[in-house]
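Novice: I'll drop the sequence and a predicted model, then ask my questions.
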Amino acid sequence: MSQVAIVGAGLGGLSLALALQHAGHACALVERAPELTEVGAGIQMGPHVMRRLFAWGLQDALMERIAQPAALQARDALRGDVLAVLPLGTSFAQRYGAPYATIHRADLQAVLCQAVLQGGSTELQLGTTCTRWVEQLDGVSLELETGPASSPVQERACVLVGADGLWSRVRSSGWTLPEPAATGHLAYRAMLPQALLPERLRSQTVNVWMGPHLHLVTYPVRQGEWLNVVLLLQPQGAQHPITPGWDLSREPHAMAADVQAALRGCCADVRDLLGLIEQWRVWPLFGRGTVAGPDQMARGRVALLGDAAHPMLPYLAQGAGMAIEDADCLAQCWTRTDLTEPQRLHRYAVERWQRNARVQLQSRRNADIFHATGWLRWGRDLGLKILGQRLMDQPWLFSG
Ligand SMILES: Cc1cc2nc3c(=O)[nH]c(=O)nc-3n(C[C@H](O)[C@H](O)[C@H](O)COP(=O)(O)OP(=O)(O)OC[C@H]3O[C@@H](n4cnc5c(N)ncnc54)[C@H](O)[C@@H]3O)c2cc1C
């Protein structure tokens, strides 16, 4: 097996394979799914993410697929009014060295995957599950399963990177960290063709509509032809149709009715737009405490990357972004020939853990801010009206 073994070919694992390839290193990428698929949903990527993707040579392929929203607007979901606007045009892109982009997940995955396969230095094994690993003095031994009928095989690598997502097997086999816990929040996702929407509901901006115990994010994807819709709900016990024991296999019409009931009190634009959606997909959201030190991202010859290391609520839209940043950093550390292999992973963890923890924390704070009620909501709206752009721009994030 190659020097670096990566478990998980999600956006994080593919990014690491590409970043290593770009730095001249081979790797083996193991993915349990028999084929690479992504959910039919969008993803926002700030300039800090786009700069890295462009540096890996993906600029042309991405420019054909992304949408470049004109602005990010914060809106009140009940009244519908715009509270603040952050323009995302040319001056924003010049300030941060790349555009703010939105893209369909399948398109991003396809671009990454194609680049990985074209590079020729990644050995991709689909339909292969890593069930356990053992660290040895000079490497890591992985147990891989390719199906219930075949017996497990052992493979060796210099180091192992767990990019295997929220329920990471690599993490649970080597760390005694608590497993992710249900937050009680639900994410509903859908996509609508803009051509079929009434003119007033079409949009080429990122809109964040904030209401009590909920918020809605809409943005264009596929060069603006589709509108991606994400509704985040924080169910409130008996007042809300979705209780903790709520059945996730609900029929589409019942799910649409749940959404409409949750939107009671929202403005006409929000209700009308979401009323057009017949088929929702729903995700219960899980979280863990923030990363507390480099030791939680790398130990010896094993490192964690992306959601495996630092799952986060999607309230800052940064989970994939941080996985891509992790990949970039790890590949750079891997080129440090002055360091031993475990030292390179440790260097990666030292460079990454605080930024990941900060983003995790800010994502959690945003949940309280976006879903605020009462005086907090009043203060939020006043702050946004007065400080607007200054509150929404995030140089610490976009310049990183
Ligand atoms: C509603 C919502 C909206 C979001 N919006 C955004 C956004 O706008 N911007 C953003 O940056 N992020 C966003 N995110 C977060 C983002 O989707 C995730 O953080 C990101 O996809 C995580 O990527 P990953 O590669 O770390 O993990 P995953 O995508 O979970 O990939 C893990 C891979 O590992 C494989 N795997 C697991 N176990 C094994 C095993 N034992 N052996 C082999 N393979 C294995 C899995 O099959 C999978 O392919 C959002 C998330 C949600 C829920």
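Specialist: Yep, it's here.
Novice: which element is Ala28 on?
Specialist: strand 27-30 (DSSP states H and E).
Novice: mind giving me the packing neighbours of that strand?
Specialist: strand 4-7, helix 11-22, strand 122-125 (3 or more C-beta pairs under 8 Å, 6 or more residues apart in numbering; DSSP states H and E). For glycine as for every other residue, the C-beta is placed from the backbone atoms N, C-alpha and C.
Novice: how about the ones you listed in TSV, adding mean pLDDT?
Specialist: Output for those, formatted as TSV (pLDDT from 0 to 100):
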stretch	mean pLDDT
strand 4-7	98
helix 11-22	98
strand 122-125	96
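Novice: out of the ones you listed, nearest to the ligand?
Specialist: helix 11-22 (3.0 Å; C-beta to the nearest ligand atom).
Novice: next, count neighbours for Leu29.
Specialist: 25 (other C-beta atoms under 10 Å).
Novice: which residues does it bridge with?
Specialist: Note on Leu29: beta-bridge partners Ile6, Leu124, judged by DSSP bridges.
Novice: could you pull up the contacting residues of it?
Specialist: 6, 9, 13-14, 17, 116, 122-125 (C-beta atoms under 8 Å, 6 or more residues apart in numbering).
Novice: just the buried subset of the residues you listed, please.
Specialist: With burial judged by 16 or more other C-beta atoms under 10 Å, the buried subset of these is 6, 9, 13-14, 17, 116, 122, 124-125.
Novice: including distance to Pro87, could the residues you listed go into JSON lines?
Specialist: Shown next, in JSON lines, are the buried ones among the contacts of Leu29 (distance: C-beta to C-beta, whole Å):
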{"residue": "Ile6", "distance to Pro87": "38"}
{"residue": "Ala9", "distance to Pro87": "36"}
{"residue": "Gly13", "distance to Pro87": "34"}
{"residue": "Leu14", "distance to Pro87": "32"}
{"residue": "Ala17", "distance to Pro87": "35"}
{"residue": "Val116", "distance to Pro87": "35"}
{"residue": "Thr122", "distance to Pro87": "39"}
{"residue": "Leu124", "distance to Pro87": "40"}
{"residue": "Gln125", "distance to Pro87": "45"}
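Novice: near the ligand, list only the ones from the residues you listed.
Specialist: Among the buried ones among the contacts of Leu29, the ones lying near the ligand by C-beta under 6 Å from any ligand atom are 9, 13.
Novice: between the buried ones among the contacts of Leu29, which is nearest Gly321?
Specialist: Within these, the smallest distance to Gly321 is 14.2 Å, found for Leu14 (C-beta to C-beta).
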